[in-house]
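In: Could you work out the structure for the sequence below:
(one chain, ligands or ions: 2)
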Amino acid sequence: MTTVPVNLSERSYAIEIGTDNLSELGAHVRRWAKATHAVIITDEHVEQPHAMAAASSLSTAGCAVDLLVIEPGESSKNIDSASFLWDKLLEVGADRKSLIVAVGGGVIGDLAGFVAASFTRGLAFVQVPTTLLAQVDSSVGGKVGVNLAGGKNMVGAFWQPVGVLIDTSVLDTLPEREYRAGLAEVVKYGVILDADFFEYLEKHTAELADRDAEVLQKVIARCCELKAQVVAADERELTGQRAVLNYGHTFCHALETITGYGEYLHGEAVSIGMLCASRLSERLGRVDHKFTQRQKKLLKALKLPVEFPEVDEEALLAAMSHDKKVEHGKLRFVLPTRMGHVELVGDVASADVRAALHGK
Ligand code: NAD
Ligand code: GLY
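Out: Ligands and ions are numbered 1, 2, ... in the order given. Sure, this is the predicted structure:
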């Protein structure tokens, strides 16, 4: 069992990481919030057994529990789902003292967090991430929101959870493709912040493929520590420090948008996007070709996609122009300079961006 603190003065909270610890949710929630009414938001794949286990733990701890279930997948992360959930919250009698508990992957965490941030101008919420991606990234840091048809994560808020409970054993039911997608965000942390961690991943690809419990615990805890440090330094992405977490994401979000939020899993698009950003960095003379190849080798070993597909480049560039790092109409990219270090770089020529899409 590991506890990682997220230090944000009065918005500070703990990430509790363990194995088979979902049954402890109720006890944690009693410490984190005074709520006697909890509304679990989940999706159809997670409802059984994980959301039901969460409900049982909350009931045992003395909470009245309601369960709201939405359709799984990125295409549910929109304002229609939020509106459905707002109506349901009214129906079940939620008030300002109710607690939202997001039990699911990043889609549920982002959507439920957004609903929590907005219903009655803000309810406390807890994250119980059930995908690897959500355990290492999306459940921490308080970015919540929904997609627009024309832009990923375009509507949302910064709304921190009051606590995060990570049970690595819930990953046992996670489909292989989803699990692999989560590994892309894991690799991201190595490239942007921790060269030793990247090397550790290179040495443990077999254990990662086998979901080795010890390696997973270590990897999840390290990613949470790194994310917590970044979020504590720049909670609202004002100084550029938090923007480093978006390595590869300008390409990734544009790819997800123009392919209709269905073709690529977010983590898969992150894998492809990181290599584009690395090639862009090469073109700008910041890293050499070997640097990109090293990432590609690791991503391939983890069975992640590495090639940018043939797409309508005009549509892609247009989607990129909605990136939230755009400043005064100019795209900015998170680009590596060495393993474990990236910088936010502005004024990149679109010819270089196009050229970085494909490569060996
Ligand atoms: P997801 O929430 O769609 O979950 C992936 C799939 O796995 C879904 O079908 C889900 O039903 C299923 N699932 C979840 N847990 C399961 C389990 N334990 N067993 C069986 N099936 C399970 O996708 P994701 O990859 O977790 O999250 C992607 C989303 O996260 C994207 O929308 C992305 O933008 C967002 N994100 C947000 C942040 C942030 O900081 N807020 C960071 C990274 C990503
Ligand atoms: N995943 C990007 C962030 O949390 O800032």
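In: tell me the pLDDT at the residue nearest the centre of the chain?
Out: Nearest to the centroid of the C-alpha atoms of the chain, with distances taken as Cα atoms, centre = their mean, sits residue 138, at 2.7 Å. At residue 138, the predicted lDDT confidence score is 97.
In: cool, and the one 10 residues further on?
Out: Residue 148 is assigned a pLDDT of 95 by the prediction.
In: how far away is it from residue 313?
Out: 21 Å (Cβ to Cβ, to the nearest Å). For glycine as for every other residue, the C-beta is placed from the backbone atoms N, C-alpha and C.
In: one step back: ramachandran angles for the residue nearest to the centre of the chain?
Out: Main-chain torsions, residue 138, degrees, to the nearest 10: phi -70, psi -20.
In: Go ahead and confirm it touches residue 112.
Out: No. Counting by Cβ atoms under 8 Å, residue 138 stays clear of residue 112, with 11.2 Å between them.
In: To what extent is the closest residue to residue 182 other than its chain neighbours buried, counted in neighbours?
Out: Sequence neighbours aside, residue 132 is the residue nearest to residue 182 in space, at 2.7 Å (criterion: Cβ to Cβ, 6 or more residues apart in numbering). Residues lying near residue 132 (other Cβ atoms under 10 Å) number 28.
In: repeat for the one 10 residues further on
Out: For residue 142, the number of neighbouring residues by other Cβ under 10 Å comes to 22.
In: For residue 151, see how far away it is.
Out: For residue 142 relative to residue 151 (Cβ to Cβ), the value is 20 Å.
In: ditto for residue 251
Out: 14 Å.
In: Tell me who's in contact with whichever residue of the chain sits closest to ligand 2.
Out: Residue nearest to ligand 2 within the chain (Cβ to the nearest ligand atom): residue 245, separated by 3.8 Å. Applying Cβ atoms under 8 Å, 6 or more residues apart in numbering, we find residue 245 in contact with 137, 141, 188, 192, 227, 230.
In: what's the answer for residue 331, then?
Out: 250, 320-321, 323, 325, 346, 348, 350, 353.
In: Please flag which of those sit within helices.
Out: Here DSSP state H is the test, and the contacts of residue 331 give 250, 320, 350, 353 as lying in helices.
In: quick one: which two of the residues you listed are the most distant?
Out: For the ones in helices among the contacts of residue 331, the maximum inter-member distance is 12.2 Å, found between 250 and 350 (Cβ to Cβ).
In: quick one, which of the two is more surrounded?
Out: Neighbour totals were compared for residue 250 and residue 350, and residue 250 leads with 25 against 12 (other Cβ under 10 Å).
In: Around the closest residue to the more buried one other than its chain neighbours, count how many other residues there are.
Out: Sequence neighbours aside, residue 323 is the residue nearest to residue 250 in space, at 4.9 Å (criterion: Cβ to Cβ, 6+ apart). Counted with other Cβ under 10 Å, residues neighbouring residue 323 total 19.
In: Which secondary structure state is assigned to residue 307?
Out: Secondary structure assignment for residue 307 (DSSP: H, G, I helix; E, B strand; the rest coil): coil.
In: mind starting the numbering at 48 from now?
Out: Taking 48 as the first residue, the last one we looked at is residue 354.
In: Pull up the gap between it and residue 364, please.
Out: 19 Å.
In: So if I had to pick from the two, which one is more boxed in?
Out: Applying other Cβ under 10 Å to residue 354 and residue 364 shows that residue 364 carries more neighbours, namely 16 against 12.
In: Where do the helices of this structure begin and end?
Out: For the chain, the helices defined by DSSP H occupy 72-79, 99-107, 126-138, 153-165, 179-180, 223-240, 242-250, 252-256, 260-280, 296-305, 313-330, 336-348, 360-367, 397-403.
In: pLDDT averaged over the third one, what's the number?
Out: For helix 126-138, mean pLDDT is 98.
In: Contacts only, for residue 143.
Out: Counted by Cβ under 8 Å, 6+ apart, residue 143 has contacts 167, 170.
In: what pLDDT, on average, does stretch 354-361 get?
Out: 92.
In: try stretch 391-403
Out: Stretch 391-403 comes out at a mean pLDDT of 92.
In: near ligand 2 at all, that stretch?
Out: No. Stretch 391-403 lies apart from ligand 2 when judged by Cβ under 6 Å from any ligand atom; the minimum separation is 12.6 Å.
In: which outside residues touch that stretch?
Out: Contact with stretch 391-403 is made by 287, 290-291, 323-324, 326-327, 329-331, 333, 360, 364, 367, 372, 374, 377-382, as judged by Cβ under 8 Å, 6+ apart.
In: Could you turn the buried ones of those into a ChimeraX selection?
Out: Restricted to buried positions by 16 or more other Cβ atoms under 10 Å, the ChimeraX selection for the contacts of stretch 391-403 reads:
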select :290,291,323,324,326,327,329,330,331,333,364,367,372,378,379,380,381,382
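In: distance of the residue of the chain most remote from its centre from residue 76?
Out: Using Cα atoms, centre = their mean, the residue of the chain lying farthest from its centre is residue 109. It sits 30.7 Å away. Counting by Cβ to Cβ, the gap from residue 109 to residue 76 is 10 Å.
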